[in-house]
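Novice: task: produce atomic coordinates for the following.
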Amino acid sequence: MEIVLLILAAMAAAAGLGALVLAARLARRMEDLPSALSSDSEARHRAILTDLHGGLAATADRIASRQSEEGDRLRRALADELERNRNQLQLFEHTLQERVDQRLGEISGKVNERLEEGFKKTNETFVSVMTRLQTIDDAQKKIETLTGSVVSLQQLLGSKSSRGALGERQLEDIVRNMLPESAYAFQYTFQSVNVRADCVLKLPEPTGLIAVDSKFPLENYERMVSEGPERVSLAMFKADVRRHVDAIAEKYIVPGETGEGAVMFIPAEAVFAEIHGNHRDLFEYAVHKRVWMVSPTTLAAVLNTARAVLKDTETRKQVHIIKEELSKLGREFGRFDERMRKLADHIRQANRDVEDVAITSKKITDKFAAIERAELPGEAPEALPAAAAPQLSVVPKSE
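Specialist: Next comes the predicted model:
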C-alpha cells in the first residue's frame, strides 16, 4: 500500500508540474499580447488567439491522455500489487495454518504422553498404596496376635515360679553356649549340705565350684515401675535385693566345697541397669557378702573369662606332651639337616661331574672342528698365498 501511495503522489506532482509549465507559457504570451495588438493587425491577433486556443486544447488533450495512461498504469500496478499481496497473504496464512497444526499436534502428543505417564504413575501409586495398606493390615493382625501373646506371657509370668523357670532357662542357654559340658552342671546338689543350686561352674583350683542363682525378686520392682515410686517405696525393692543377697551368701557359699563367692543372675537388663546406675550401695553390699551381680550381658563376659582360664589350665596340663612333641620334632629336624647336607654334597659332586663333562664335550667339539678344517695332528697348515683361494680335490679310494 505504501508503494501505491508513492505512485499516486508522483502522478499528482507530475500533473502539477505540467500545469505550472502551461501557466508560465500563457503568462509570457499575455505579456506579449499588447505589443502584438499594437503592432499587428487584428488578423494577427486572431491568429495568435487561434494558435493559443489550439495550443491550450492540445495541451489539455495531452494532459488528459497522460492522466488516463497514468491512471491505467496506476490501476494495473495497484491491481498487481493487490494480487501479489493477496497471494503472499494466502501463502502466509497457509504456512501459519500448517505450523499451528504441527504445533498443536506436538502439544497434543506431549499432552497425551504426559497424561499416560500420569495415569501410569497414579496406577503404580495406587497399587503401592494398596500393597502398603495390605501390609499394614497384616502388621495390625500380627500386632493383635502379639498383644494376645504378651498378655498370655504376662499371665504366665505372673507367678514367682514361672519367672524362676524363665530365668533358669535363660541362664542355661547362656552357659551352654559359652562353656564346654565338663565345666558346668545344672541343678547341682552340694555334698556337705542338702542344698541344690540352679547352676555351678566347675573352675580350676583355687577357685573351685561357683554357684549361680537365677531367681530374683521382681514383684516390688514391677510395682514401682507400673505404679510409680510415690505409691511403692524404693526401700521395699532394696530390702528385697538385700534379703536375696543374704540368702545366696548363706546357701551357696559352702566352705570346703565351693569357692569364696557366688553369682546372682539378674535376668532383666533393665533391673541390672537400675541397680548399677542408681543404687551403688546394693552393689557394695553384695560385694561385701561376696555375691557378684550379673546380667545376661555381663554373665557372658564372665563366662568368656572362665573359658579362657579353663583353656589356660588345659594348656598347662598338656605342657609335658607339648615338650615331648617338640623333642621329637627336634630329632626329626636333626635328621632332616643331616640328609640335607648329604643332598648338598651330592649336588656339588654332580656339579663337578657336569663341569668335567662340559670340558670333555668342548675338547671333542674342537677335534671335530680341526678335522673339518683338514688339520692332522703334528702337521702345521701350509701358508697359502694371500690372493690364492684354497682348492680341494677329490682323491678316489683305491680298491
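
Novice: where in the stretch 201-350 of the chain is pLDDT low?
Specialist: 225, 227-233 (pLDDT under 70).

Novice: now do the strands in it.
Specialist: Assigned by DSSP state E, counting those that start in this stretch, the strands in the stretch 201-350 of the chain fall at 209-213, 258-265, 291-294.

Novice: dump the ones you listed into CSV; add mean neighbour count as well.
Specialist: C-beta: built from backbone N, CA, C; applies to glycine. Shown next, in CSV, are the strands of the stretch 201-350 of the chain (neighbours: other CB atoms under 10 Å):
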stretch, mean neighbour count
strand 209-213, 23
strand 258-265, 21
strand 291-294, 21
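
Novice: looking at those, which is closest to Leu78?
Specialist: Counting by CB to CB, Leu78 lies closest to strand 291-294 out of these; the figure is 116.0 Å.

Novice: before we move on, back to that, quick one, which of the strands of the stretch 201-350 of the chain gets closest to Asp173.
Specialist: Closest among the strands of the stretch 201-350 of the chain, once you apply CB to CB, is strand 258-265, at 11.9 Å.

Novice: picking that back up, can you redo the strands of the stretch 201-350 of the chain as JSON lines, where the extra columns are distance to Arg66?
Specialist: Formatted as JSON lines, these follow (distance: least, CB to CB, whole Å):
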{"stretch": "strand 209-213", "distance to Arg66": "138"}
{"stretch": "strand 258-265", "distance to Arg66": "134"}
{"stretch": "strand 291-294", "distance to Arg66": "132"}
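
Novice: the ones you listed: which one's closest to Ile174?
Specialist: strand 258-265 (8.7 Å).

Novice: hmm, who's touching the closest one?
Specialist: With CB atoms under 8 Å, 6 or more residues apart in numbering as the test, strand 258-265 has contacts from 167, 171, 190, 198, 200-201, 203, 206-214, 216, 244-245, 248-249, 252-253, 286, 290-294, 299, 302.

Novice: now list the buried members of these.
Specialist: Among the contacts of strand 258-265, the ones that count as buried by 16 or more other CB atoms under 10 Å are 167, 171, 190, 198, 200-201, 203, 209-214, 216, 244-245, 248-249, 252-253, 286, 291-294, 299, 302.

Novice: roughly how far does the spatially most central residue of the chain sit from Thr122?
Specialist: In the chain, the centroid-proximal residue (CA atoms, centre = their mean) is Ser128; its distance is 24.3 Å. Taking CB to CB, to the nearest Å as the measure, Ser128 and Thr122 are separated by 11 Å.
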